[in-house]
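Peer 1: Just a sequence and a predicted model for now, questions to come.
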Amino acid sequence: MKKALSKKNLWDNAPSLIRTTLGSVLGMMPPKWLLGRSFREQTRFVERAQWWSAEHAREHQLAKLREILKLAYESTQFYREMLDRIGFRPGALECVDDMCRLPTIDKATVVKHLAEMTARSVDARDVDYVSTGGTSGEPLRFYINASRSSVEYAYLITSWGRVGYTLGMPMAVLRGRIVQPNRQGVRHDYDPLLRHHYYSNFHMTDDNMQQYLRHIHRIGPCVLHAYPSSAHALAKYILAAGELAPQCIQSVILESENVHADQVQTIEDVFGVRTFSSYGHTEKCVLATQCEHSRDYHIWPTYGFFELLDEDGAPVDTPGQEGEIVGTSFINTVVPFIRYRTGDYATYVGDRCEACGREHTVIRHIKGRWPQGGLIAIDGSLVSMTALNVHDDTFRCVREYQFHQSVPGRAALCIVPSGAVDEHEQQRIVVNMNKRLQGQVELSLEIRSELVKTAQGKQPRVIQKCISSPAER
């Protein structure tokens with residue numbers, strides 16, 4: 001897969017010996033200087049922009065939308081034909097609300113028309129060929145400029161600051177990196193530039209997790225940055241083994257998977273700190289991060305143009321109403337994503353956070369695209385993950401669990417035990433869960449030593465293989 005000739009890619013792909021040797025020298029410099037002037041300038045912009053008035057933010061959005069529409073019209077066959085077809089010119093965009101006059105696109109559009117949607121040479125040195133995770137179905141592949149890394153990192157660093165993270169603070173990371181054992185036999189790798197400690201979440205055995213915890217105890221005040229499933233597995237191990245959670249962990253940042261309420265509760269109870277989550281995607285259209293005062297998510301208005309649409313394509317503007325997340329990227333200038341339907345859903349809260357004062361669109365209850373977000377019932381309806389979140393003692397002897405479904409109305413509940421699970425205990429789990437499902441889905445139980453992960457190390461709550469539900473046939 002094509003990689004841009006960028007500093008980040010060169011560093012990430014350098015042999016361990018080179019990174020260790022150079023890191024011993026470069027690691028003495030403040031990370032903000034190592035990340036470059038563009039990152040510093042972007043960070044200063046983001047820190048100021050988060051407090052802009054709504055009017056100021058809309059003016060900025062209008063300028064960026066005109067810019068990306070002009071680029072798309074002048075440089076791509078797909079958008080030029082699309083805009084000509086509806087008689088729209090980029091200069092005709094008088095306000096951000098005019099975006100609703102444009103058609104939406106989706107994953108299928110990009111798959112079919114990628115070549116015609118590309119605005120410049122994909123062979124350029126600063127262009128990456130990237131792929132989404134593809135948790136269910138085929139991953140989406142497209143091109144994007146390498147500069148997006150410093151832009152997005154500036155937004156994330158600023159957002160993480162809401163729960164105490166500062167650039168250069170040690171970070172314990174359990175996020176999709178396969179780490180080989182070091183000389184001490186610990187699956188640990190260290191990046192001296194960002195001061196990140198990487199541990200392999202592909203190898204979450206009891207012995208390895210015990211080693212991870214012992215190592216984290218020694219790195220001093222830090223944050224844990226993990227997939228929700230990885231942090232939850234670590235928390236469940238601590239409970240089952242009677243281990244002491246590292247007191248040096250100041251907060252837990254959970255990203256890149258759907259975040260379930262039962263996971264959050266366990267993680268916060270065990271580590272005794274707040275969790276913090278962000279919503280984003282590889283397409284770089286929308287970024288939403290939680291408020292420091294609540295569980296609600298703020299949409300960053302300067303990252304991309306966010307819309308929430310109902311089933312008829314109309315804007316959702318009633319608090320409590322759910323809609324599909326649609327975004328226009330300000331970042332990708334290689335393949336413009338304009339009014340891209342993500343297939344993800346959220347509930348609208350308002351256009352200002354009363355807790356912190358930011359004049360950002362506020363959403364909650366973000367959930368992944370159907371049918372990854374739940375099980376399909378016998379009648380073809382979707383059983384949401386809210387119904388599957390468990391807050392009682394059903395999984396008292398279970399470290400991790402995952403649903404596998406290939407037929408509507410039936411599914412396997414796969415568990416990794418954290419203690420003794422005899423026949424009586426197995427039956428109790430199945431009975432409790434089937435009661436919750438009220439006949440919509442019949443569960444069977446499978447005991448496993450590990451659960452299915454994606455190539456990126458993510459662990460979906462539901463492995464959905466139903467091609468279609470009865471209602472769609």
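Peer 2: Done, it's in.
Peer 1: hey, let's count contacts and neighbours off CA atoms from now on
Peer 2: OK.
Peer 1: Show me where the stretch 1-150 of the chain has its strands.
Peer 2: Along the stretch 1-150 of the chain, counting by DSSP state E, counting those that start in this stretch, strands occupy 127-131, 141-145.
Peer 1: Please name whichever of those is nearest to Glu67.
Peer 2: strand 141-145 (16.1 Å; C-alpha to C-alpha).
Peer 1: Tell me how far that closest one lies from the chain's centre.
Peer 2: Strand 141-145 sits 18 Å away from the centroid of its parent chain (C-alpha atoms, centre = their mean, to the nearest Å).
Peer 1: Then stretch 148-166?
Peer 2: That offset, for stretch 148-166, works out to 14 Å (C-alpha atoms, centre = their mean).
Peer 1: what does that stretch contact?
Peer 2: Counting by C-alpha atoms under 8 Å, 6 or more residues apart in numbering, stretch 148-166 makes contact with 35, 38-40, 42-43, 46-47, 167, 223, 250-251, 253, 274, 276, 289-292, 331-332, all of which sit outside it.
Peer 1: can you check stretch 92-106 too?
Peer 2: Contacts made with stretch 92-106 from outside it, assessed by C-alpha under 8 Å, 6+ apart, are listed as 58, 61-62, 65-66, 83, 86, 338-342.
Peer 1: count of neighbours near Cys248?
Peer 2: The local packing of Cys248 (other C-alpha atoms under 10 Å) involves 16 other residues.
Peer 1: Find the nearest non-adjacent residue to it, please.
Peer 2: If you skip the residues right next to it in sequence, Cys248 has Pro221 as its closest partner in space, 4.5 Å away by C-alpha to C-alpha, 6 or more residues apart in numbering.
Peer 1: State the pLDDT value of that neighbour.
Peer 2: We note a pLDDT of 95 for Pro221 in this prediction.
Peer 1: Nearest to Ala124, out of the contacts of stretch 92-106: which one, please.
Peer 2: Comparing the contacts of stretch 92-106 against Ala124 with C-alpha to C-alpha places Ile338 closest, at 22.3 Å.
Peer 1: Am I right that the closest one sits in a helix?
Peer 2: No: using DSSP: H, G, I helix; E, B strand; the rest coil, the secondary structure at Ile338 is coil, not a helix.
Peer 1: Tell me which of the strands of the stretch 1-150 of the chain is the most buried.
Peer 2: Comparing the strands of the stretch 1-150 of the chain by mean neighbour count (mean count of other C-alpha atoms under 10 Å), strand 141-145 ranks first with a mean of 22.
Peer 1: Quick check: which helices or strands does it pack against?
Peer 2: Packed against strand 141-145, as judged by 3 or more C-alpha pairs under 8 Å, 6 or more residues apart in numbering; DSSP states H and E, are the following elements: helix 107-117, strand 127-131.
Peer 1: what's that strand in contact with?
Peer 2: Applying C-alpha under 8 Å, 6+ apart, the external contacts of strand 141-145 come out as 110-111, 114, 118, 122, 126-132, 332-335.
Peer 1: partners of that strand, with directions?
Peer 2: In the sheet containing strand 141-145, its partner strands are strand 127-131 (antiparallel), by DSSP bridges.
Peer 1: As PDB, could you dump the C-alpha coordinates of the strand it pairs with?
Peer 2: Output of strand 127-131 as PDB, limited to C-alpha atoms (Å, rounded to 0.1, in the frame of the first residue of the first chain):
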ATOM      1  CA  VAL A 127       0.000  11.300  -0.800                       C
ATOM      2  CA  ASP A 128      -1.000   8.300   1.200                       C
ATOM      3  CA  TYR A 129      -3.200   5.400   0.100                       C
ATOM      4  CA  VAL A 130      -5.200   4.400   3.200                       C
ATOM      5  CA  SER A 131      -7.900   2.000   4.200                       C
END
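Peer 1: pLDDT on that strand, on average?
Peer 2: Averaged over strand 127-131, pLDDT sits at 85.
Peer 1: quick one: that strand to chain centroid distance?
Peer 2: Centre-to-centre, strand 127-131 and its host chain are 18 Å apart (C-alpha atoms, centre = their mean).
Peer 1: Also stretch 226-246?
Peer 2: 20 Å.
Peer 1: With stretch 285-298 instead?
Peer 2: Taking mean C-alpha positions (C-alpha atoms, centre = their mean), stretch 285-298 and its chain are 12 Å apart.
Peer 1: Any buried residues in that stretch, and which?
Peer 2: When neighbours are counted by 16 or more other C-alpha atoms under 10 Å, the buried residues of stretch 285-298 are found to be 285-292, 296-298.
Peer 1: which one of those residues sits closest to His360?
Peer 2: His298 (5.7 Å).
Peer 1: before we move on, back to that, CSV for the strands of the stretch 1-150 of the chain, including distance to Pro228?
Peer 2: Listed next are the strands of the stretch 1-150 of the chain as CSV, based on distance: least, C-alpha to C-alpha, whole Å:
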stretch, distance to Pro228
strand 127-131, 21
strand 141-145, 25
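Peer 1: which one of those lies closest to Gly419?
Peer 2: Smallest distance to Gly419 across the strands of the stretch 1-150 of the chain (C-alpha to C-alpha): 38.1 Å, for strand 127-131.
Peer 1: Emit the PyMOL select command for whichever of the contacts of stretch 148-166 are buried.
Peer 2: Listed next is the PyMOL selection for buried residues among the contacts of stretch 148-166, using 16+ other C-alpha under 10 Å:
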select buried, resi 35+39+40+42+43+46+167+223+250+251+253+274+276+289+290+291+292+331+332
